[in-house]
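Colleague: Here's a sequence, model it:
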Amino acid sequence: MILVVLDHDGNRLRKGSLEALARAYRLQEALGGEVAGVLIGEGLGGVAEEARRYVDLLYTVEAGPYTAERWAKAVLEAAKKGAKAVVAPSSRQSRTYLGRVAFALGAGLLEDTLESWAEGGEVYATRYAYLNRVTQKVKAALPVVLTVKPNTTPPAEPKGEGRVEALPLPPVETVEVLEKIQEEKKGVSLAEADVVVTGGRGMGSAEAFKAIEELAALLGGAVGATRAVVDAGWRPYGEQVGQTGKTVQPTLYIALGVSGAVQHLAGMNKSKYIVAVNKDPEAPIFKHTDYGIVGDVHQVLPALIQAVKKLKD
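Modeller: Presented below is the predicted three-dimensional model:
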């Protein structure tokens, strides 16, 4: 069995889950066995109906609010059914609990993989290293725990109607959740967005980001920010792109008023197409762009918005 941890928002599977499923089916070609999924959380009935269409067998675990201990225990309960490999979307949350799963299974842990395949009873993968400047090829013997970097794999398609089995969660007493404060999310998830529009310190103010929000919405994308912007309190930390923020790999990355410090580049330099606007022709970001505009972002951005609106009309 190949077990896929299915991330969801309570109503729908996240895009990363569909990418993880596609990887699992590729491993199945070499390793055989069923592809099973595990859904963890609260009130899973609705999302379970969607999830069962992608797997041969779906395990559901009513685990309550998230803690690393609960999620690790839930995955282990499903993995005990005979998992050769555990595949999951790569995220900040997965990094907090999958290490526990790998340790408990005595498994190798391959994180943030770009592609993966199995040969001769071993699993191979590629991933970035050294601030995304080097691509490594790694391998691990079975069993293995593997995470899938967002936007690297075409999503899986529905397969049919898999069986559903509820698993009880053994008591986990280490951490108790006293309060859960949900951050309000608008639009597309930054990590999974196909288009990211990021503003830097050159935007000048928090108010200027309204135009970035407009452009991102027109393009069906997400808003990003540099660390300097987040430190200034203009945008929330959840939008930070870079070494100390999120790593993104969209088809299109638009950098507005972003100088291009190495720490920021580490979070976006593998985007397929990079467009930058900066008034400084010597800005480091221009060394990494496919298209660069030297000019005042406050003049160029409104023109971009109007051009997109015209194309959409």
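
Colleague: got the buried residues for the helix or strand harbouring V86?
Modeller: When secondary structure is defined using DSSP states H and E, the element that contains V86 is strand 85-89. The neighbour-count criterion (16 or more other C-beta atoms under 10 Å) identifies 85-89 as the buried residues of strand 85-89. For the C-beta atoms, the positions are set from N, CA and C on the backbone; glycine is no exception.

Colleague: what's the answer for stretch 56-72, then?
Modeller: Counting neighbours by 16+ other C-beta under 10 Å, one finds that the buried residues in stretch 56-72 are 56-61, 63, 66-72.

Colleague: which one of those is nearest G257?
Modeller: Y66 (35.3 Å; C-beta to C-beta).

Colleague: dump the residue contacts of the closest residue to the closest one other than its chain neighbours.
Modeller: Among residues not flanking Y66 along the chain, Q93 sits closest, at 7.0 Å (C-beta to C-beta, 6 or more residues apart in numbering). Residues in contact with Q93 (C-beta atoms under 8 Å, 6 or more residues apart in numbering) are 7, 66, 71.

Colleague: pretty sure A83 is touching L3, no?
Modeller: Yes - with contact defined as C-beta atoms under 8 Å, A83 reaches L3; the gap is 4.1 Å.

Colleague: about what we covered before: filter the buried residues of stretch 56-72 down to just the ones in helices.
Modeller: Under the assignment DSSP state H, those contribute 68-72 to helices.

Colleague: next structured bit after the helix or strand where A228 lies?
Modeller: Element membership for A228 (DSSP H and E) is helix 227-231. The element immediately downstream of helix 227-231 (helix or strand, assigned by DSSP H and E) is strand 252-256.

Colleague: For that following strand, give me every contacting residue.
Modeller: By C-beta under 8 Å, 6+ apart, the list of residues contacting strand 252-256 from outside reads 194-200, 202-203, 212, 215, 219, 221, 268, 271-278, 285, 289, 297, 300-301.

Colleague: Need the buried ones from the residues you listed selected in PyMOL.
Modeller: Applying 16+ other C-beta under 10 Å to those, the buried members can be selected in PyMOL as follows:
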select buried, resi 194+195+196+197+198+199+200+202+203+212+215+219+221+268+271+274+275+276+277+278+285+289+297+300+301
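
Colleague: Strand 85-89 and the host helix or strand of V38, what's the angle between them?
Modeller: With elements taken from DSSP H and E, the one containing V38 is strand 35-41. Between strand 35-41 and strand 85-89, the angle comes out at 50 degrees (axes from the mean of the first three to the mean of the last three C-alpha atoms, to 10 degrees).

Colleague: Buried residues of whichever helix or strand comes after strand 35-41, list them for me.
Modeller: Towards the C-terminus, the helix or strand next in line after strand 35-41, according to DSSP H and E, is helix 45-51. By 16+ other C-beta under 10 Å, the buried positions in helix 45-51 come out as 47-48, 50-51.

Colleague: Of these, which is the nearest to E19?
Modeller: Closest approach between the buried residues of helix 45-51 and E19, by C-beta to C-beta: A51, at 14.3 Å.

Colleague: got the contact list for the closest residue to V188 other than its chain neighbours?
Modeller: Excluding its sequence neighbours, the residue lying closest to V188 (C-beta to C-beta, 6+ apart) is A222, at 4.7 Å. Contacts of A222 were listed using C-beta under 8 Å, 6+ apart, and they are 187-190, 193, 195-197, 216, 239.

Colleague: buried residues in whatever helix or strand comes next after the strand holding V86?
Modeller: Along the chain past strand 85-89, the next helix or strand (assigned with DSSP H and E) turns out to be helix 92-105. For helix 92-105, the neighbour count (16+ other C-beta under 10 Å) marks 94, 97-98, 100-102, 105 as buried.

Colleague: Where do the strands of the stretch 151-300 of the chain begin and end?
Modeller: For the stretch 151-300 of the chain, the strands defined by DSSP state E, counting those that start in this stretch cover 163-166, 195-199, 222-225, 252-256, 273-278, 291-294.

Colleague: starting at the chain centroid, how far to the fourth one?
Modeller: Meaning strand 252-256. Average the C-alpha atoms of strand 252-256, do the same for its chain, and the two points are 18 Å apart (C-alpha atoms, centre = their mean, to the nearest Å).

Colleague: what does the fifth one give?
Modeller: For strand 273-278, the gap between its own C-alpha mean and the chain's C-alpha mean amounts to 22 Å (C-alpha atoms, centre = their mean).

Colleague: Next: the first one.
Modeller: If you compare the mean C-alpha spot of strand 163-166 with that of the full chain, they lie 26 Å apart, counting by C-alpha atoms, centre = their mean.

Colleague: for that strand, packing partners?
Modeller: Counting by 3 or more C-beta pairs under 8 Å, 6 or more residues apart in numbering; DSSP states H and E, the packing neighbours recorded for strand 163-166 are strand 57-62.
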